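Participant: need a structure here:
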Amino acid sequence: MIEAMRFAVTSPKIDEWIKSELDLFGITTPTNRLSAALQMAVVHLLASGLSNDLDEESFTGALLGAFCQTSRLATAGTPATSDSSLTWRRHNKNGKDYLSERSTGADFSLIIRHDDDFAVAAVFQAKNGQSKIGSFDASHMSPELPEQGRGKELQFCRIRDYCYHILSNFNPPKENKSGLKDLDWAHYLVYERFAVYCSPLSSLSLIQDHIANDLKCGAVRYKEHSYSVFTDLLREGCAPGRAKRTGWLSLNSKDEISSFVASALDLFEVYESHIDPKPSWTPLIKDHVTMSAMERVERIRSELVPRLDTVTVQTPKMLSLEERRARNANTSHMSIGDGKGPRRPKPG
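Facilitator: Okay, the predicted model is just below:
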């Protein structure tokens, strides 16, 4: 059964089907399977209609679940020894510690590994798109964090400051001469009925200006500033080469990748992926799943389908004639009760 399944999933027809699916949405043939998986996850989630009325946390969960599923599907055309191309370590967002959205202001971070010494990374905060003109509510406040000396402040400030923190933790620290303009890799992920857009912090200096002038922040018309389509951003992140790409932070050595992972794990939920999944690839994120895909299949199968030698069949006990008569007598006695019929109410 398992061998037959392995043969089925390595058929080239899977790649052909993926290409045809993406072509339906006008997406050109991706350069690698991870690019196909991530883009297909987005368009399928939108096509399902599930994103219409989801809150921001539910949308993030649905999106990451879609990433996981399409990743497995997209890598099905690779040899059976290959593992899934998406792994992650998840932090408890509702916790009271440092590792939560209330502290960082962001939902998740995505790392795309190209090889051992090059990767790109980005940070995302989901926002429900509010209107056809393209806007989202920027007034969300993050609660105070006395242990960090932070008072109640706009979510924007949390994301900005923690991205600065990540940059300062590199050895040597990455330059940030332009301040907010250098944070094109931190995005508000704005989801609407039929599209998902990325509004980078680097294009939202108006929010920072409002804060500086003690003005109230409300709806931000992000389409009046620089933004991108989410599938385009994912395609760029997966594209081959080491050139700087807009919307992503370049990690140009194994030490830089490790530094980002170490810092990000203290701040966000981090999802680490690889454009060319191979059996030898080891995610840098600690506590990753070390069991292979086929081992997980076998474990799940063993739980769902119990072995015959572990199934206990109970043989019904045969009663003698006297035992059956005694049981029937007890049953008749219980059903008779006190033998009295229903009582009629006394006339008044």
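
Participant: in the host helix or strand of Leu73, what counts as buried?
Facilitator: For Leu73, the element it lies in under DSSP states H and E is helix 56-74. Neighbour-count burial for helix 56-74 flags 56, 59-64, 66-68, 70-74 (criterion: 16 or more other CB atoms under 10 Å). To be clear about C-beta, it is placed using only N, CA and C from the backbone, and glycine gets the same treatment.

Participant: likewise stretch 145-163?
Facilitator: So, applying 16+ other CB under 10 Å, buried residues of stretch 145-163: Leu145, Glu153, Leu154, Gln155, Phe156, Cys157, Arg158, Ile159, Arg160, Tyr162, Cys163.

Participant: Kindly report the same for stretch 21-30.
Facilitator: Counting neighbours by 16+ other CB under 10 Å, stretch 21-30 gives Glu21, Leu22, Ile27, Pro30 as buried.

Participant: Now for those: which two are most distant?
Facilitator: Glu21 and Pro30 (11.3 Å; CB to CB).

Participant: anything in contact with each of the two?
Facilitator: Counting by CB atoms under 8 Å, 6 or more residues apart in numbering, no residue touches both Glu21 and Pro30.

Participant: longest single strand anywhere in this protein?
Facilitator: strand 118-128 (DSSP state E).

Participant: That one packs against which elements?
Facilitator: helix 56-74, strand 108-115, strand 136-137, helix 155-168, strand 186-191, helix 230-238, strand 249-251, helix 254-265 (3 or more CB pairs under 8 Å, 6 or more residues apart in numbering; DSSP states H and E).

Participant: tell me the mean pLDDT for the fifth one?
Facilitator: Here strand 186-191 scores 96 as its mean pLDDT.

Participant: repeat for the first one
Facilitator: Summarised as a single mean, pLDDT over helix 56-74 is 87.

Participant: what's the answer for the last one, then?
Facilitator: Here helix 254-265 scores 88 as its mean pLDDT.

Participant: buried ones in it?
Facilitator: Glu256, Ile257, Ser259, Phe260, Val261, Ser263, Ala264, Leu265.

Participant: and that helix, C-alpha only, in PDB?
Facilitator: Extracted in PDB, the C-alpha atoms of helix 254-265 (Å, rounded to 0.1, in the frame of the first residue of the first chain):
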ATOM      1  CA  LYS A 254      25.200  31.000   7.800                       C
ATOM      2  CA  ASP A 255      26.000  33.200  10.800                       C
ATOM      3  CA  GLU A 256      23.500  35.900   9.700                       C
ATOM      4  CA  ILE A 257      20.800  33.200   9.100                       C
ATOM      5  CA  SER A 258      21.500  31.800  12.600                       C
ATOM      6  CA  SER A 259      21.400  35.300  14.100                       C
ATOM      7  CA  PHE A 260      18.100  36.100  12.600                       C
ATOM      8  CA  VAL A 261      16.600  32.800  13.700                       C
ATOM      9  CA  ALA A 262      17.900  33.300  17.300                       C
ATOM     10  CA  SER A 263      16.500  36.900  17.500                       C
ATOM     11  CA  ALA A 264      13.200  36.100  15.700                       C
ATOM     12  CA  LEU A 265      12.500  33.100  17.900                       C
END
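
Participant: Distance check, Lys223 against Pro240.
Facilitator: The gap separating Lys223 from Pro240 is 30 Å, by CB to CB, to the nearest Å.

Participant: neighbour-wise, which of those two wins?
Facilitator: Lys223 (16 against 11; other CB atoms under 10 Å).

Participant: Give me the neighbour count for the nearest residue to the more buried one once chain neighbours are set aside.
Facilitator: In this structure, Lys223 finds its nearest non-sequential neighbour in Gly134, 3.1 Å apart by CB to CB, 6 or more residues apart in numbering. Other residues within reach of Gly134, judged by other CB under 10 Å, total 19.

Participant: Thr31 too?
Facilitator: The burial count for Thr31: 14, using other CB under 10 Å.

Participant: what's the answer for Tyr222, then?
Facilitator: Around Tyr222 there are 24 residues (other CB under 10 Å).

Participant: what kind of secondary structure is the closest residue to it other than its chain neighbours in?
Facilitator: Closest residue to Tyr222 apart from its sequence neighbours, by CB to CB, 6+ apart: Ser199 at 3.8 Å. At Ser199, secondary structure determined by DSSP: H, G, I helix; E, B strand; the rest coil is strand.

Participant: Now do Val196 against Ala122, distance only.
Facilitator: Val196 is 14 Å from Ala122, where distance means CB to CB.

Participant: low pLDDT regions in the protein?
Facilitator: 1-12, 77-106, 130, 277-293, 306-316, 330-348 (pLDDT under 70).

Participant: Can you tell me which residue is spatially central in it?
Facilitator: Of all residues in the chain, the one closest to the mean position by CA atoms, centre = their mean is Leu64, 2.1 Å from it.

Participant: if we can go back for a sec, using PDB, write out every CA atom in the helix holding Leu73.
Facilitator: Extracted C-alpha coordinates of helix 56-74, given in PDB (Å, rounded to 0.1, in the frame of the first residue of the first chain):
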ATOM      1  CA  GLU A  56      -6.800  38.400  11.700                       C
ATOM      2  CA  GLU A  57      -5.600  35.600  13.900                       C
ATOM      3  CA  SER A  58      -7.900  33.100  12.200                       C
ATOM      4  CA  PHE A  59      -6.700  34.300   8.800                       C
ATOM      5  CA  THR A  60      -3.100  33.800   9.800                       C
ATOM      6  CA  GLY A  61      -3.800  30.300  11.000                       C
ATOM      7  CA  ALA A  62      -5.700  29.400   7.800                       C
ATOM      8  CA  LEU A  63      -2.800  30.800   5.700                       C
ATOM      9  CA  LEU A  64      -0.100  28.900   7.500                       C
ATOM     10  CA  GLY A  65      -2.200  25.700   7.400                       C
ATOM     11  CA  ALA A  66      -2.500  26.200   3.600                       C
ATOM     12  CA  PHE A  67       1.200  26.700   3.300                       C
ATOM     13  CA  CYS A  68       1.800  23.400   5.100                       C
ATOM     14  CA  GLN A  69      -0.700  21.500   2.900                       C
ATOM     15  CA  THR A  70       0.400  22.800  -0.500                       C
ATOM     16  CA  SER A  71       4.000  22.400   0.400                       C
ATOM     17  CA  ARG A  72       3.500  18.700   0.900                       C
ATOM     18  CA  LEU A  73       1.600  18.500  -2.400                       C
ATOM     19  CA  ALA A  74       4.100  20.500  -4.400                       C
END
